[in-house]
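Novice: Sequence and predicted model, in that order:
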Amino acid sequence: MVKANSIPRVWRERTIKYRLIGGKCKKCGKSFYPFRRICPRCGSEEIEEVHLPREGKLLYYTVIRAPPSDFEEYAPYVVGIVELKDGTRVLAQITDVVEDQLEEGVDVEAVFRKYREQGKEGIIEYGIKFRPKT
Amino acid sequence: MRKVYVAGIGATKIREHWEVSLRELLVKAAQKAIEDSNIEKKKIQAAFIGNMSSGVLQGQEHLGSLFATWMGIPGIAASKVEAACASGGAAFHSAYLAVASGMYDCVIALGVEKMSDALTGDVTAALIMADDQDYVAFTGASFVGLNALVYRAYMKKYGAKQEDIALFAVHDHKYAVNNELAQFRREFSLEDVLKSPLIADPIRLLECAPTGDGAAAVVLCSEEYLKEANNEVKIEVAASTLATDILSLHDRDDLTTLQATVRAAEKAYKMAKISPSDVDVLEVHDAFTILGVIHLEDLGFAKKGEGWKLVKEGEIELGGKIPTNLMGGLKARGHPVGATGIYQIYDAVTQLKGEAGKNQVDDAEVALAQNVGGVGGTVSINIFRRVR
Ligand SMILES: [Zn+2]
């Protein structure tokens, strides 16, 4: 009952999600993810589309132990805020880690991974996760 | 804008109401508020119903007409108001504006949520709908998880310790013991809280507001109607404000402050012509212990990074500098999401009426209730004053 399952919904966000496309405001200089046509901070409509850097550092993270129903089979997993090299912040899963051995501030890089399946007969959703740089 | 008064309040107990439906919860709360108001049911001209998830959790929408029908007052203006966990506060704000504008003389603001019918994972999925579905819910982040990031950022920035922040939960439970509407009327020690299971690190189970069912209602009216009702205690809405912030945490510069609180509070203090030191009773939206601490700071009761000291030094207790959540707060009174904003108003007004029993603040004159939607995407602030 409580699911946002939809094929078009995944399809229409695919480019921004798979290629990490953000926006940079020409007025206030701030960049953000995902891309949108209007700056959420200053309201400017002069936005440049940018391919965001694929490396950054992990600012904060948490371990999801009581997940939403559509993520139950994957728990526990780590979600964090990553600050990319240009200062843009992204919320994403942190992968290839042991939950209790992770440190804030660690250098991370983007990888393309599976996020969830829309049920047995639905499609599989992919996106960017980050893993510690080796 | 003309003056608006609270004529009556009503609420159901908060618990898992297995035998009671969502519509019946609404009707029960409304009947109590109407009885308390001394105003006839037929005089109500409009209803605003705060609710977050009736569609996904109950398969029920169109709460305005549903309420009017089951209440036996079809014909009134009525609709649902949604602003995630701030739905109740937002519904009250709409009801306030409806009377203040002169359009209506008597309006009822309600809040309702019925969560216990759904499985835990489905409730978790419903709550994260308060944030961006495509870029936040998509990551598997839970609502607790987002607040855990705030917790981490706060501890890192200010060097605060979890054992101090977690005291907020101990505080709430201590006072809920005397509140017969509260969901958990029992005390917990700090040790209990710190040893409870991790939900989203570092947040532990006993640092989270519980899920539950409940409905609360407030009857608002004009001065003319209040005279007719001839209530013993007169309570004025001194301010009602609503503010937003950028929806998702990763788009904000500072995770340790809720700009929507700062904005709504600034407007509210100005509207009520008061400063924080004039507030006798405070209700803050402590869905998680860390939020309770941050709200004390953002509302102007403590410097940034020092909200936890107020808790630790007993300043939010009965008899302290700023008595806070004296009916149990979200943590122990309970948090039926879309109803919470109205429960907070119920508790604030109960104090001003002098009906809070063992938890009563002597001669309480000004009460402030702060209701938060999402991780501060929306904040509602309402200030009440007893007219003497
Ligand atoms: Zn801008």
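Specialist: Structure's in. What do you need?

Novice: burial count for B:Gly374?
Specialist: Residues near B:Gly374, counting by other CB atoms under 10 Å in any protein chain shown, number 27. Where C-beta positions appear, they are placed from N, C-alpha and C, glycine not excepted.

Novice: what are the phi and psi angles of the closest residue to it other than its chain neighbours?
Specialist: Spatial nearest neighbour of B:Gly374, chain neighbours left out: B:Ala130 (4.0 Å); criterion: CB to CB, 6 or more residues apart in numbering or on different chains. Torsion angles at B:Ala130 (phi, psi; degrees, to the nearest 10) stand at phi -70, psi -20.

Novice: Now do B:Ala130 against A:Arg116, distance only.
Specialist: Look at B:Ala130 and A:Arg116: by CB to CB, to the nearest Å, they are 19 Å apart.

Novice: And for A:Arg12?
Specialist: Taken as CB to CB, the span from A:Arg12 to A:Arg116 is 17 Å.

Novice: just the helices in chain A please.
Specialist: Ranges of helices in chain A, per DSSP state H, are A:7-12, A:14-19.

Novice: Select, out of the ones you listed, the one closest to A:Glu48.
Specialist: Among those, helix A:14-19 comes nearest to A:Glu48, with 14.3 Å by CB to CB.

Novice: Next, the buried residues of the closest one.
Specialist: For helix A:14-19, the buried set under the neighbour-count rule, 16 or more other CB atoms under 10 Å in any protein chain shown, comprises A:Ile16, A:Lys17.

Novice: For the residue nearest the centre of chain A, list the residues it contacts.
Specialist: Nearest residue to the geometric centre of chain A (CA atoms, centre = their mean): A:Ala92, 3.5 Å. Counting by CB atoms under 8 Å, 6 or more residues apart in numbering or on different chains, A:Ala92 makes contact with A:Val79, A:Gly80, A:Val82, A:Gly127, A:Ile128, A:Lys129, A:Phe130, B:Thr139.

Novice: repeat that for 6 Å
Specialist: A:Ile128, A:Lys129, A:Phe130, B:Thr139 (CB atoms under 6 Å, 6 or more residues apart in numbering or on different chains).

Novice: Can you tell me the SS state at B:Ala148?
Specialist: State at B:Ala148, reduced to three classes by DSSP: H, G, I helix; E, B strand; the rest coil: helix.

Novice: Return the residues of chain A in contact with chain B.
Specialist: Proximity of chain A to chain B (CB under 6 Å from any CB of the partner chain) is limited to residues A:2, A:4, A:13, A:32, A:34, A:40, A:60, A:62-66, A:68-69, A:71-72, A:79, A:81, A:89, A:91-93.

Novice: Show me which of those are buried.
Specialist: Among the residues of chain A next to chain B, those scoring as buried are A:2, A:4, A:13, A:32, A:34, A:40, A:60, A:62-66, A:68-69, A:71, A:79, A:81, A:89, A:91-93 (criterion: 16+ other CB under 10 Å).

Novice: which residues sit against stretch B:327-342?
Specialist: B:14, B:50-52, B:85, B:87-89, B:111-113, B:169, B:172-173, B:175-176, B:179, B:182-184, B:209, B:212-216, B:286-287, B:347, B:371, B:380.

Novice: How about the backbone phi and psi for the residue lying closest to B:Gly75 once chain neighbours are set aside?
Specialist: Of all residues not flanking B:Gly75 in the chain, B:Ala68 sits nearest, at 7.2 Å (CB to CB, 6+ apart). Main-chain dihedrals, B:Ala68, degrees, to the nearest 10: phi -60, psi -40.

Novice: B:Ala68 reaches B:Ala78, doesn't it?
Specialist: Yes. Counting by CB atoms under 6 Å, B:Ala78 is a contact partner of B:Ala68 at 4.9 Å.

Novice: Of these two, give the one with the bigger neighbour count.
Specialist: Counting neighbours by other CB under 10 Å for B:Ala68 and for B:Ala78 shows that B:Ala78 has the greater number, 25 against 20.

Novice: my read is that one is in a helix, agree?
Specialist: No. B:Ala78 is assigned strand when assessed by three-state DSSP, not a helix.

Novice: For it, list the residues it contacts.
Specialist: B:Ala78 neighbours (CB under 6 Å, 6+ apart): B:Ala47, B:Gly64, B:Phe67, B:Ala68.

Novice: From these, list just the buried residues.
Specialist: Buried by 16+ other CB under 10 Å: B:Ala47, B:Gly64, B:Phe67, B:Ala68, out of the contacts of B:Ala78.

Novice: so how far is B:Gly320 from the third one?
Specialist: Relative to B:Gly320, B:Phe67 is positioned 39 Å away (criterion: CB to CB).

Novice: Show me the strands in the chain, by range?
Specialist: The chain I'm using is chain A. A:21-25, A:31-32, A:47-51, A:55-64, A:77-84, A:89-94, A:107-117, A:124-132 (DSSP state E).

Novice: my bad, chain B
Specialist: Shown for chain B, the strands assigned by DSSP E span residues B:5-11, B:46-50, B:77-81, B:106-113, B:198-200, B:203-204, B:214-221, B:234-244, B:281-283, B:366-373, B:378-387.
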